[in-house]
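Q: make a model of this:
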Amino acid sequence: MPVAAVVVCVSSPSEQCWYALYTRSRFEKEVDKRLGMLGIETYLPLYRARRRWSDRTVQLDLPLFPSYLFVRLKPASPDIYRILDTKGVVRFVSASTGPIEVPREEIEAVKRVLSAKLPVRSLPWLREGQKVQVCAGPLHGLEGIVEKCNGRGHLYISVRAIGQTLVAELDCRDVAPLLQ
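A: Residues are numbered from 1 along each chain as shown. The predicted model follows:
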């Protein structure tokens, strides 16, 4: 049985707060359904995307933030253990002090943008100087350091043995942060 840390809610100990869950890859909808059956309030932001398959084009509802969904509960809720025991749940997004509260305003902002039916996409939160790995395209698997992040960024690839650096411009969607 997974061990849960103490959940802290900045707002008020008696108020329900939003927390982010990290799920197994492509388990977001399944976890959302299972937690709903347990009576736990969830929010899984979805967007509509067209995908071309070999024989047809289809419209799909895909998670806006792959491998993440949000749950709303009271800090001392016994539901924490039920959530962690749910098939597909990996962990709460947390810091050393425990699961991190997602501000209500941020959840409301996501809901508002999605309800406007505008074209949307999410990007990994990259910062200058961060180590990343290229996860798509012809440079797949390479590691480097981000120079700037404005939708497109420069990725530094260093060849230390000869003291030279190669700079490539990539779409930020094609890189993922490396855990340090």
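Q: quick one: list the elements packing against the biggest helix by length in the chain.
A: In the chain, with assignment by DSSP state H, the single longest helix is helix 104-115. Under the contact criterion of 3 or more C-beta pairs under 8 Å, 6 or more residues apart in numbering; DSSP states H and E, helix 104-115 touches strand 17-23. (Glycine included, C-beta is placed from N, CA and C.)
Q: now the strand it packs on: how far from the chain's centre is it?
A: In this view, strand 17-23 has its centroid 10 Å away from the chain centroid, taken as C-alpha atoms, centre = their mean, to the nearest Å.
Q: please apply the same query to stretch 64-79.
A: Counting by C-alpha atoms, centre = their mean, stretch 64-79 comes out at 13 Å from the chain centroid.
Q: that stretch: end-to-end distance?
A: Length of stretch 64-79, first residue to last, C-alpha to C-alpha, to the nearest Å: 25 Å.
Q: change the start of the numbering to 14 and stick with it
A: Taking 14 as the first residue, the last one we looked at is stretch 77-92.
Q: so which bits of that stretch are buried?
A: Of the residues in stretch 77-92, 77, 80-88, 90, 92 count as buried by neighbour count, 16 or more other C-beta atoms under 10 Å.
Q: domain-wise, how is the protein divided?
A: The record's domain parsing of the chain by automatic domain parsing lists 30-128, 144-190.
Q: tell me which helix or strand of the protein sits lowest on mean pLDDT?
A: Scoring the helices and strands of the chain by mean pLDDT, DSSP states H and E places strand 165-172 at the bottom, with a mean of 56.
Q: the helix or strand hosting residue 61 to helix 117-128, inter-axis angle?
A: In this assignment (DSSP states H and E), residue 61 forms part of strand 59-65. For strand 59-65 against helix 117-128, the angle by axes from the mean of the first three to the mean of the last three C-alpha atoms, to 10 degrees is 40 degrees.
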